[in-house]
Structures are given as structure tokens and as C-alpha cells.
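Novice: following is a predicted model, sequence given first.
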Amino acid sequence: MSVHDPHHGRWKLAVLFFLHGGTLGMWGVSLASVLRAHGFELIVPYAFAATSVAALVSPLAVGALADQRCSSERLLRWLGLGSMLFLALLFWGIHRRWHPWCVLALAQVHAFWSTPTFGLTTSLVLGRLSDARGQFGLLRLWATLGWMGAGAFVSWVLEADSSPVSGWAGCAGWALTVLFTFALPPVPPPAPKPHRSWREVLGLDALHLLRHHDHRVVFVSAALVNVPLAAFYPFTVLHLMDLRVEHLLGTMSLGQITEAVTMISLASLLARVRLKRVFLAGIAFGVARYAIFALDTRSALYAGIFLHGLCYTLFVITAQIYLEQRIPQELRARAQALLTLMMSGIGSLAGTLGCGWWWLACKGPAGVRWPLFWSVLAVAMALVFVFFHASYRGRAADDPSANCGGQS
């Protein structure tokens, strides 16, 4: 099978996304509630920050390996095995109520293994498509469906919203994902370079992409968007718990409904609407989501969660497609890894620590002042909207090197 065979093997890429998304969905949303239920509420921001710390290092190095020396599916296989092992140890430590520093150490080691995996899967899939703009959205939809299915399974079947069982279910998901990598059609990696600088080994040569104005704006905006976005999963769950909402993971899956619908229509949208407007719409939905959260009612949280899928898809998935269309092929895995670094590393690290500090500042004798907490985050997201609107230039529709669909 050729790398870009339009007729065969695409279902395997959909299954890979489904398994990987489901694996992450088994435990990623429930982590905050599991930590609170076992007496670790105060380390929630730091447990989520572990992923951000890992994203500062591992994605670029892994992306460099995928671009230069090792097949993506083999890398994913080994990273999946390491993620499975340390995820099991992390949730066992939470279950046994080990010392908080031990739990955080396990969270950090697990993050070093797991953080680069989804960017690697994304690059693996994109590298096997002949028309990323037209094909990727529908394939990426399967990761969303996997996340939704996992949330429903953990919440309603296992009834493990606040149980370490969710983490062990995630380990089972990793086992299935690793096994499925053997079914993927292999694509030989580029021939290794005999002499590589330390910048190439670590993937830091991708940083020269920041010299291009629009690339720089997209990368920087991705980091800025993820500062307030980092509050979504840990603190929305805690807010739902304060409002005594049951089936937390099922409720959080509301966002994946709009995410799925948006991904289905993404190819058509990118073909007809200027890229800048798609990016801005994603940020605007992020502002609206937190503004609605500030109303501090169950129905408001349901509505805000529902908007999350629009925010995520219109900005993050569009950014991934932008890189696939605008970055030279030999740098694409590293470009996707750099995007992961900017979003899950720099942006989310600042966001988890900053939002964690803000959450503690909003706590009082009567509980968290959630309207104040979410209002400030809505303002922060609005500032990102202003920055992107003023900074992103785009190019004319008659410039074929610039387009990612219609006009840039």
C-alpha cells in the first residue's frame, strides 16, 4: 500500500484514533475527581501541570526521531507501553494514598511517556493522507468518538467517576492501542543523517519556523489560548462536584458532541471561510464558554461544556491542518510537536499553575467564588482574541503557497 493510497487502510487510521482517544478519555477527565475523592485536592493543579512540564521536552525530541530515524508506529508502540505501566502505578498510588510527592512524581514520569503520543498519532495519520484538508477532519472525529465512548463507559457502566478504576481502564485502552499498531501499514522513516547536531537530536531546529510571521502568530496564539483553556478539565469537574452533578464524565462529554459535528463540517468550512475567521471563531467560543460558566448554575455549565467542542476544533484542529499545509514535509512531525510544546507545554504549564493559584485565591469559607473565577478567565481569552485579530495577516487567495482551503 502506498503512503497516500486513497482506497485502502484509512479505516485503520480511524480505529487508531478511536482507540487512542478512548484511552485518554478513560482517565484524563476523571483525574481531578479521583484526586479529590482520595484526599489529594490541593495537588490537582500540579498533577495536571506534569503534562505541561513533559510537553516542554518530550514532543520535540520524539518528533525529531519520527522525522529522522524511527518509524512513527514503532515510537507510538514503545511510548504506549511506558504510558500503560506508569498510569497503572499512578492510580495505584492514589488508591493506596501514597505520599502526595510520590503521586506527583508518578504523574510526572507518566507524562513524559504519554504527552508526545497524540501528536505522534496525528503526524502518523496526516503522513498517510493524500488530502489532509479534506480527509483529516473525518478521521480525527474518531478520536472524539473514542473519548465520548470512554467517558460514557467509565461514568455509566463502571460508575467510576471518582475511582482509580478509570485509570486502570485507561491501561487496558493502552494495551489495545499498542496491539493495533502492528496492524498499521508501515511507512519507512527518512534515512538517518550521519551527523546530527544536538539541536536536530532534540528537535530544536523546528524553532526556526517561528521566524515566519503567520507561523509565529499561530504558535504563540496556541500557547496563549491554552493558558485559560488549562482550567477547563480540572476545574469544570470540581465546579460540577460543588453543584452536586452526577455522572461527571458523561456530563463532560457534552463538549465532544459539538466537537464531532464541527469536525464533520470542517473540510467544507475551511474551503469556504477565511482561515483567520475560523481561528477567531474558535477563540470567541472560548470566551463565551467561560462567560456562561460564570453564571454558576447547572444549566450554565451544561451550555458552556457544549461550546467547548467548537472552541477546541475551530482553533486546535485548524492549527494542525494549517501546519500540514504550510510546513515542508521533512519538518511536519517536528512542527506538530512544536505546536504540542506551545499548547500543552508553555501554555498549559502557565495555565495550570496560574489558574491553580487563581482557584486558591477564589476559595473562601463558603467555597469557591466560581463567578469571579470564570469571569477573569473569560477576559483572558478575550485578550487572546484581540491579539490574534490584530496580528495574523494571512495571504491572498490567488497565492497557491499560502492557502489552507480558501483564503488564509
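Specialist: Received, thanks.
Novice: please make it C-alpha for all contacts and neighbour counts, starting now.
Specialist: Will do.
Novice: give the buried residues for stretch 382-389.
Specialist: With burial defined by 16 or more other Cα atoms under 10 Å, the residues of stretch 382-389 counted as buried are Ala382, Leu383, Val384, Phe385, Phe388.
Novice: what is the distance between it and the centre of its chain?
Specialist: Between the centre of stretch 382-389 and the centre of its chain there are 21 Å (Cα atoms, centre = their mean, to the nearest Å).
Novice: any residues touching it, and which ones?
Specialist: Val217, Ser221, Leu224, Val225, Lys276, Leu280, Ile283, Ala284, Val287 (Cα atoms under 8 Å, 6 or more residues apart in numbering).
Novice: OK, contacts around Gly170?
Specialist: Taking Cα under 8 Å, 6+ apart, one finds Gly22, Thr23, Leu24, Gly25, Met26, Trp27, Met84, Leu87 in contact with Gly170.
Novice: typo on my end, Leu138
Specialist: Leu138 touches Met263, Ile264, counting by Cα under 8 Å, 6+ apart.
Novice: ramachandran angles for it?
Specialist: For Leu138, the backbone dihedrals (degrees, to the nearest 10) come out as phi -70, psi -30.
Novice: please name every helix or strand in contact with the helix or strand where Arg332 lies.
Specialist: According to DSSP states H and E, Arg332 maps onto helix 332-340. Under the contact criterion of 3 or more Cα pairs under 8 Å, 6 or more residues apart in numbering; DSSP states H and E, helix 332-340 touches helix 58-68, helix 117-126, helix 318-326.
Novice: so which elements touch the helix or strand just after the longest one?
Specialist: Later in the chain than helix 58-68, the nearest helix or strand by DSSP H and E is helix 72-95. When contacts are defined as 3+ Cα pairs under 8 Å, 6+ apart, helix 72-95 sits against helix 58-68, helix 100-114, helix 117-126, helix 165-180.
Novice: hey, least reliable of the ones you listed by pLDDT?
Specialist: Among those, helix 58-68 carries the lowest mean pLDDT, at a mean of 61.
Novice: flag the shaky bits of the stretch 201-350 of the chain, pLDDT-wise.
Specialist: Low-confidence segments of the stretch 201-350 of the chain (pLDDT under 70): 201-205.
Novice: at 90 what do you get?
Specialist: Along the stretch 201-350 of the chain, segments meeting pLDDT under 90 span 201-212, 246-273, 275, 317, 320-345.
Novice: all the helices of it, residue numbers only.
Specialist: Applying DSSP state H, counting those that start in this stretch to the stretch 201-350 of the chain gives helices spanning 213-229, 232-242, 248-252, 254-272, 275-293, 298-312, 318-326, 332-340, 348-362.
Novice: just give the number of residues close to Glu41.
Specialist: Glu41 sits with 15 neighbouring residues when counted by other Cα atoms under 10 Å.
Novice: I'd say it and Ala47 touch.
Specialist: No: Glu41 is not in contact with Ala47 according to Cα atoms under 8 Å; the separation is 9.9 Å.
Novice: tell me the SS of Arg97?
Specialist: Recorded secondary structure, Arg97: coil (DSSP: H, G, I helix; E, B strand; the rest coil).
Novice: any idea how far Trp11 is from the nearest residue to Gly9 once chain neighbours are set aside?
Specialist: Counting by Cα to Cα, 6 or more residues apart in numbering, Pro185 is the residue found nearest to Gly9 once chain neighbours are left out, at 7.4 Å. The spacing between Pro185 and Trp11, counted by Cα to Cα, to the nearest Å, is 11 Å.
Novice: these two: which has the busier surroundings?
Specialist: Neighbour comparison, Pro185 and Trp11: the larger count goes to Pro185, with 16 against 11 (by other Cα under 10 Å).
Novice: so that one, which of the three states?
Specialist: coil.
Novice: what pLDDT does it get?
Specialist: Confidence score, pLDDT, at Pro185: 71.
Novice: report the contact partners of Leu372.
Specialist: Here Leu372 is in contact with Ala294, Cys362 (criterion: Cα under 8 Å, 6+ apart).
Novice: so it is in which element?
Specialist: Per DSSP H and E: helix 370-391 holds Leu372.
Novice: centre of the chain to that helix, how far?
Specialist: Worked out by Cα atoms, centre = their mean, helix 370-391 lies 20 Å from the chain centre.
Novice: now stretch 31-51
Specialist: 18 Å.
Novice: ok, now stretch 211-227?
Specialist: So, by Cα atoms, centre = their mean, the centroid of stretch 211-227 is 16 Å from its chain's centroid.
Novice: quick one: buried residues of it?
Specialist: Quick answer for stretch 211-227 (16+ other Cα under 10 Å): 214-227.
Novice: which pair of those spans the longest distance?
Specialist: Asp214 and Val227 (20.2 Å; Cα to Cα).
Novice: including distance to Trp359, could the helices and strands packed on helix 72-95 go into TSV?
Specialist: Conversion of the helices and strands packed on helix 72-95 to TSV gives the following (distance: least, Cα to Cα, whole Å):
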stretch	distance to Trp359
helix 58-68	28
helix 100-114	19
helix 117-126	28
helix 165-180	25
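Novice: Gln256 is nearest to which of those helices?
Specialist: Taking those one by one with Cα to Cα, helix 117-126 is closest: 16.8 Å.
Novice: which residues sit against that closest one?
Specialist: 13, 17, 20, 59, 62-63, 66, 72-73, 76, 79-80, 132, 136, 324, 332-333, 336-337, 340.
Novice: what number of residues lie near Arg272?
Specialist: 11.
Novice: what does the one 10 residues further on give?
Specialist: Burial of Gly282, expressed as a neighbour count using other Cα under 10 Å, amounts to 23.
Novice: same question, the one 3 residues further on
Specialist: Around Phe285 sit 22 other residues, with neighbours defined as other Cα under 10 Å.
Novice: please name the nearest non-neighbouring residue to it.
Specialist: Cys311 (5.1 Å).
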